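Visitor: what's the 3D shape of this:
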Amino acid sequence: MAHLYIALTILLTVYGQIVIKWQIGLAGSLPGEFTEKVIFLLKLFLNPWIISSFACAFLAALSWMAAMSKFPLSYAYPFMSSAFVLVLFLSALIFGEPVNIPKVVGMGFIVAGIIIGSNG
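Guide: This next block holds a predicted model:
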């Protein structure tokens, strides 16, 4: 059951990253002029999807605190690397971002590190 806190932290973090990328992709590029930048960022900040990603970041922090009450940091933290793996595959699936051999090999090293680190 305690591992659920780690998994929840990861899932909430990944959700936030995917939603922010999605909404910023819809909003377009950051304008060049200062006033336009402020308006652009304010609109994003008030976007309900962006607000949900901030809420998930807060919930992820709470979940992480619960995980820290159950595990040593040196055991739990390597699992956070799995967020990289999930974001890579979700960004390919949702946004059509490329997944190439070097990225797959890198993700393999990350997964191997999680396995080794969690058993050490």
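Visitor: okay, now the unreliable bits of this structure?
Guide: Residue ranges of the chain with pLDDT under 70: 120.
Visitor: would you map the strands across it?
Guide: Using DSSP state E, no strands are found in the chain.
Visitor: who's in contact with the residue nearest the centre of it?
Guide: By CA atoms, centre = their mean, the chain has its centre lying nearest to V14, at 3.1 Å. Contacts here follow CB atoms under 8 Å, 6 or more residues apart in numbering; on that basis V14 touches 83, 86-87, 90. Using the backbone N, CA and C atoms, a C-beta is placed for each residue, glycine as well.
Visitor: same question for A57.
Guide: Residues near A57 by CB under 8 Å, 6+ apart: 12-13, 16.
Visitor: what does L88 give?
Guide: Going by CB under 8 Å, 6+ apart, L88 touches 99, 103, 107.
Visitor: buried ones from those residues, can you make that a PyMOL selection?
Guide: Only the buried entries of the contacts of L88 go into this PyMOL selection, using 16 or more other CB atoms under 10 Å:
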select buried, resi 103+107
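Visitor: any chance of the contacts of L88 in a markdown table, with distance to L59 too?
Guide: Output for the contacts of L88, formatted as a markdown table (distance: CB to CB, whole Å):
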| residue | distance to L59 |
| --- | --- |
| V99 | 28 |
| K103 | 29 |
| M107 | 26 |
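Visitor: which of the contacts of L88 fall within helices?
Guide: Of these, the ones assigned to helices by DSSP state H are 103, 107.
Visitor: with respect to L26, which of the contacts of A57 is nearest?
Guide: G16 (16.0 Å; CB to CB).
Visitor: not counting sequence-adjacent ones, nearest residue to that closest one?
Guide: Closest residue to G16 apart from its sequence neighbours, by CB to CB, 6 or more residues apart in numbering: S53 at 3.8 Å.
Visitor: much appreciated, bye for now.
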